[in-house]
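**Q** Compute the structure for the input listed below.
(one chain, ligands or ions: 4)
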Amino acid sequence: MLIADDDAINRQVLAELLKPEYTVLLAKNGEQALERVARHMPDLVLLDVMMPDMDGYEVLRRLRGDPDTAQTAVIFISGMDRPEDEANGLKLGASDYIVKPFNATVVMARVALHLQLVRQRRMLERLANVDSLTELANRRRFDALFELEWQRARRSGRPLSLALLDIDCFKQYNDHYGHPAGDRVLRAVARAAGAGLRRPADLAARYGGEELALLLPDTDAAQAYQVAENVRAAVAALQIAHQASSAGPLLSVSIGGATLDAHGAESKAALFEAADACLYRAKQTGRDRVAW
Ligand code: GH3
Ligand code: MG
Ligand code: MG
Ligand code: MG
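**A** Ligands and ions are numbered 1, 2, ... in the order given. So this is what the prediction gives:
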């Protein structure tokens, strides 16, 4: 956690209290607090209100204004002890407000409580956005990011590529090797898809049962085709036996993709349908291939 206070004694007292249990970073002014939060992403910030140059309110406002730190838990710790001050701090988005001089036991208890809330929020976010079988982004997360990237691509005129992957003859795989073995294959394919992505903004998601979606912002058709082909080849290289397959002796995937070009007029749904039509074509023309 980060302790931000312009008073050296306050910093020291709080640090000595918290250090036995937590990793503690210190900041002696608002600028330093913002810089350390951005760099270390602490779970919790204990933030003094009255500081020269940039006060705690302004620090909190800036943290909330940056998407990376908008969720960071902040507890004000201040000598301003009027109820209005406390209410105002909470209204600005602080998680809690502790009045100085503080009671050490109460500070410890509140810090522990807020860190537990942080952990719970992270767990909820994970449950809402991550597919538990494959650990990839789930359908909900995909839909949200597809909308976001679609809007972004329309604004910027940059290309946006979408690829849909479907495991070949997977029903036969389940029938022959059993559902638990099928689940293991699904996980292996998901890992291969995730490993095939090249940029932080690229997303691999589990779209449906054994269908994955690759969302590739700022990626033109030629580049995206290459990513899809790498993923297809990576799955083939796993050399998973599929004796019951009508497509070949090894497990394979088919991938269909489409690209929104600069200022293209298509809708989001049309981009998806175009990728889906290419997936259908990849299946029709023999599977284990990419169609764009
Ligand atoms: P195709 O090559 O045409 O895609 O043939 P397919 O047999 O793969 O056909 P389809 O894509 O329609 O079949 C989906 C199969 O995927 C059926 C279903 O049992 C299986 N499946 C979907 N989700 C899961 C899962 O979570 N685990 C396992 N083991 N199987 C799944
Ligand atoms: Mg102060
Ligand atoms: Mg399918
Ligand atoms: Mg399939």
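**Q** what about the residue in the stretch 151-292 of the chain that ligand 2 sits nearest to, neighbour count?
**A** Residue of the stretch 151-292 of the chain nearest ligand 2, by CB to the ion: residue 200 (37.6 Å). Every C-beta, even on glycine, is put in place using the N, C-alpha and C of the backbone. Residue 200 sits with 7 neighbouring residues when counted by other CB atoms under 10 Å.
**Q** How about residue 84?
**A** With other CB under 10 Å as criterion, residue 84 counts 8.
**Q** in what helix or strand does it lie?
**A** helix 83-91 (DSSP states H and E).
**Q** which helices and strands does that helix pack with?
**A** Using 3 or more CB pairs under 8 Å, 6 or more residues apart in numbering; DSSP states H and E, the elements in contact with helix 83-91 are strand 73-78, strand 96-99.
**Q** which bits of the stretch 151-292 of the chain sit near ligand 3?
**A** 166, 211 (CB under 5 Å from the ion).
**Q** Next to ligand 4, which bits of the stretch 151-292 of the chain? Give me the list.
**A** Applying CB under 5 Å from the ion, we find that the stretch 151-292 of the chain lies next to ligand 4 at 166-167, 170.
**Q** could you redo the last one with a cut-off of 6 Å?
**A** Residues of the stretch 151-292 of the chain found near ligand 4 (CB under 6 Å from the ion) are 166-167, 170, 210.
**Q** Now go through those and say which are in helices.
**A** Members of these lying in helices (criterion: DSSP state H): residue 170.
**Q** which of the residues of the stretch 151-292 of the chain next to ligand 4 are close to ligand 1?
**A** Contacts with ligand 1 are made by 166-167, 170, 210 out of these, judged by CB under 6 Å from any ligand atom.
**Q** Farthest pair within these?
**A** Distances among those were taken as CB to CB; the most separated pair is 166 and 170, at 7.9 Å.
**Q** what is in contact with these two at once?
**A** residue 210 (CB atoms under 8 Å, 6 or more residues apart in numbering).
**Q** Could you tell me which residues within the strand or helix carrying residue 180 count as buried?
**A** Using DSSP H and E, residue 180 sits within helix 179-195. By neighbour count on 16 or more other CB atoms under 10 Å, the buried set for helix 179-195 is 182, 185-186, 188-194.
**Q** Which strands and helices lie in contact with it?
**A** strand 160-167, helix 170-177, strand 203-206, strand 211-217, helix 221-237.
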